[in-house]
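> below: sequence and its predicted model.
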Amino acid sequence: MRQLDILEGQFARHETLPREAVLKADLLRTGISFDEGALVRPAGDGEHPAKEHQPKSYFIFSFDMVRQKQLDETQKWHAPEEIALTGGRWNLRRTIVSTRLNPASPYRVAPHDGALWLHVDDEPVAEVGLHDLPPYYRAKLPDGRPVAEIAPTIEWGYLLYLTVFRVCQYFGAKEECQFCDINNNYRQQIQEGRPYTGVKSVADIVAALEAIDSSGSESQAYTITGGSVTSTLQGKNEVEFYAQYVEAIENRFPGRWISKVVTQAWPVADVKRLRDAGAQIYHPNYEVWDPQLFPKICPGKTRYIGRDEWIRRIVDAGEVFGPANVIPNFVAGVEMARPYGYTEVEDAIRSTAEGLEFFMSKGITPRFTTWCPEPMTPLGDANPEGAPLEYHLRLLEVYRETMQRHRLAPPPGYGEAGPGKAVFSVSPFMDVLEGVAAPA
Ligand code: SF4
């Protein structure tokens, strides 16, 4: 069956979901490829310099379905961070999608009629826009490292993504989360020669933000994140390590950006310390809800903290930040990954819906990232096709219904919600929340 027919069948089957969200879910789960002519621009002349687009920064994980060495040089170095889809066969409202490279994908971007178009089964279906290179992407730190590597922008200019520790101290198959390629991706990027700083210093981050602020950047939020610190890093424990960045940024640029932190779930005293450093939004990601799957998929987190304690800490953090500002992520689709996961979509949805109900009944709104089956992970290797599109669409419906039932607003720190407005690029959850009302 042609991909186009599958897609149009799903539009009809899930008619309350915006078509933009259905297509975005499928693009994120299957990836995309780019023809060389889509990425290499003709050189400009003196009068009309060539426009450059913002390239993929590999801001934390690879988020690709193949290894770097399987990519041609053009895609490896010039693939865009994100694409914006508009118009075309379905008259799409602007839809921002993170680039996940997969040369075997049925989705391909190629020139057509003087513009770039998304092709499905070789048929052009939507116009593709690329984000212009932000002016600060050409700036360098005094030691020559690109500011863009220290502080890339994602979400169409909305979010500065500050991965300050590019590896995780959960190491190897017995500890790393089974869907996560942070350590393998770090190794492959170094091998490929991409500038990729393992531990960014506080001074690096502040210097990069100086350059960004003075460039007139329209970014509205930043995220401080990185791998877990199970012992110490540079003589600091995990909370000391991550809080120092927030403190330094907020001292230098008080309130300039919405401040968000993604780390493990910490005891309440540490959570208070993070809030006191200036963090506004806390993301203690729980990854997968199912009590049988959590220890298999997150063995390190299970060994060091444990699922029940992890969940308790998320709830307690709501007392510190306010429940709306605690936004734990889960990796949508890993609960269907072989060899551990559910085989039926409705069983997987029932489990995940239970987790949504648990948190949302307490005013905590989880959010999700669409699982990218990266090949250098145990789950990606065993499940290169990811989770079925039907799962991702049922999840969007259940997520929206559960939020509406609890009268919750879209989570803060993601920009506007709704088709044509959402900028969150690694999941379509913000694209379906139009009309989801805040409590009266
Ligand atoms: S805790 Fe798990 S998801 Fe987070 S960086 Fe480490 S291995 Fe990856």
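Ah, there it is. Residues are numbered from 1 along each chain as shown.
> going forward, measure contacts and count neighbours with C-alpha atoms only.
Noted.
> quick one, helices of the stretch 251-400 of the chain?
Assigned by DSSP state H, counting those that start in this stretch, the stretch 251-400 of the chain shows helices spanning 268-277, 293-297, 299-304, 307-321, 345-360, 378-382, 389-405.
> again with the stretch 51-200 of the chain
73-78, 147-150, 182-192.
> please identify the most buried of those.
Highest mean neighbour count among these (mean count of other Cα atoms under 10 Å): helix 147-150, with a mean of 24.
> what packs against that one?
Packing partners of helix 147-150 (3 or more Cα pairs under 8 Å, 6 or more residues apart in numbering; DSSP states H and E): helix 202-214.
> for the ligand, what are the nearby residues on the stretch 151-300 of the chain?
Within the stretch 151-300 of the chain, the positions near the ligand by Cα under 6 Å from any ligand atom are 168, 170, 176, 177, 180, 182, 227, 228.
> so which of these comes closest to residue 95?
Nearest to residue 95, judged by Cα to Cα, of those is residue 180 at 26.0 Å.
> now do the closest one against residue 99, distance only.
As judged by Cα to Cα, to the nearest Å, residue 180 and residue 99 stand 17 Å apart.
> which one of the two is surrounded by more residues?
residue 180 (26 against 23; other Cα atoms under 10 Å).
> pretty sure that one is touching residue 61, no?
Yes. Judged on Cα atoms under 8 Å, residue 180 makes contact with residue 61 at a distance of 7.4 Å.
> pick out the residue in the stretch 301-440 of the chain sitting closest to the ligand.
Per Cα to the nearest ligand atom, residue 301 is where the stretch 301-440 of the chain lies closest to the ligand, at 6.7 Å.
> any stretches of this structure with poor pLDDT?
Along the chain, segments meeting pLDDT under 70 span 41-50, 437-440.
> which other residues reach the helix or strand where residue 12 lies?
Using DSSP states H and E, the element containing residue 12 is helix 3-13. Applying Cα atoms under 8 Å, 6 or more residues apart in numbering, the set of residues contacting helix 3-13 from outside is 17, 19, 22, 23, 106, 120, 121, 390.
> quick one: contacts for the fifth one?
Read it as residue 106. 3, 32, 120, 121.
> among those, which one lies nearest to the ligand?
Nearest to the ligand among the contacts of residue 106 is residue 32, at 23.5 Å by Cα to the nearest ligand atom.
> thought residue 348 was touching residue 394, still the case?
No. Counting by Cα under 8 Å, residue 394 does not reach residue 348; the two are 10.0 Å apart.
> more neighbours, these two?
More neighbours surround residue 348 than the other of residue 394 and residue 348, with 22 against 17 (other Cα under 10 Å).
> make sure that one is actually in contact with residue 342.
Yes. At 5.6 Å, residue 348 and residue 342 qualify as touching, with contact defined as Cα under 8 Å.
> find residues that contact each of the two.
With Cα under 8 Å, 6+ apart, residue 348 and residue 342 have common neighbours 335, 336.
> can you tell me the helix or strand for residue 25?
With DSSP H and E as the test, residue 25 turns up in helix 19-30.
> which other helices and strands contact that helix?
Under the contact criterion of 3+ Cα pairs under 8 Å, 6+ apart, helix 19-30 touches helix 3-13, strand 92-98, strand 367-370, helix 389-405.
> pick the most buried one from these.
Across these, the average number of neighbours (mean count of other Cα under 10 Å) peaks for strand 92-98, which reaches a mean of 24.
> give me the sheet partners of that strand and which way each runs.
When pairs are called by DSSP bridges, strand 92-98 turns out to pair with strand 82-87 (antiparallel).
> where's the partner strand relative to the chain centroid, distance-wise?
Taking Cα atoms, centre = their mean, to the nearest Å, one finds the center of strand 82-87 at 17 Å from the center of the full chain.
> got the end-to-end distance for stretch 276-292?
Taking Cα to Cα, stretch 276-292 runs 36 Å from one end to the other.
> residue 416 and residue 429 touch, don't they?
No. Counting by Cα under 8 Å, residue 416 does not reach residue 429; the two are 11.6 Å apart.
> which one of the two is surrounded by more residues?
Counted by other Cα under 10 Å, residue 416 and residue 429 do not tie: residue 429 has more neighbours, with 26 against 18.
> hang on, that one packs against residue 367?
Yes. Counting by Cα under 8 Å, residue 429 touches residue 367, with 7.4 Å between them.
> on that earlier part again, make a markdown table from the helices and strands packed on helix 19-30 and add distance to the ligand to it.
Below are these laid out as a markdown table (distance: least, Cα to the nearest ligand atom, whole Å):
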| stretch | distance to the ligand |
| --- | --- |
| helix 3-13 | 31 |
| strand 92-98 | 19 |
| strand 367-370 | 12 |
| helix 389-405 | 20 |
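> how about the ones you listed, which one is nearest residue 218?
That would be, of the helices and strands packed on helix 19-30 and by Cα to Cα, strand 92-98, which comes in at 16.7 Å.
> so the closest one versus helix 19-30, what angle?
Angle, strand 92-98 to helix 19-30, by axes from the mean of the first three to the mean of the last three Cα atoms, to 10 degrees: 20 degrees.
> what number of residues lie near residue 206?
19.
> just list the residues touching it, thanks.
Contacts of residue 206 (Cα under 8 Å, 6+ apart): 248, 249, 252.
> which helix or strand contains the first one?
In this case it means residue 248. Per DSSP H and E: helix 238-252 holds residue 248.
> can you list the buried residues in that helix?
Within helix 238-252, the residues that count as buried by 16 or more other Cα atoms under 10 Å are 238, 239, 241, 242, 243, 244, 245, 246, 247, 248, 249, 250.
> just give me the closest of those to residue 215.
residue 249 (16.9 Å).
> look up how far residue 202 lies from that closest one.
From residue 249 to residue 202 the distance is 9 Å (Cα to Cα).
> from the stretch 201-350 of the chain, which residue is nearest to the ligand?
Closest residue of the stretch 201-350 of the chain to the ligand, Cα to the nearest ligand atom: residue 227 (3.9 Å).
> so what's the residue count around that residue?
Residue 227: 20 neighbours (other Cα under 10 Å).
> ok, the closest residue to it other than its chain neighbours - contacts?
Nearest non-adjacent residue to residue 227, counting by Cα to Cα, 6 or more residues apart in numbering: residue 168, 3.8 Å away. Taking Cα under 8 Å, 6+ apart, we find residue 168 in contact with 176, 182, 183, 226, 227, 228, 229.
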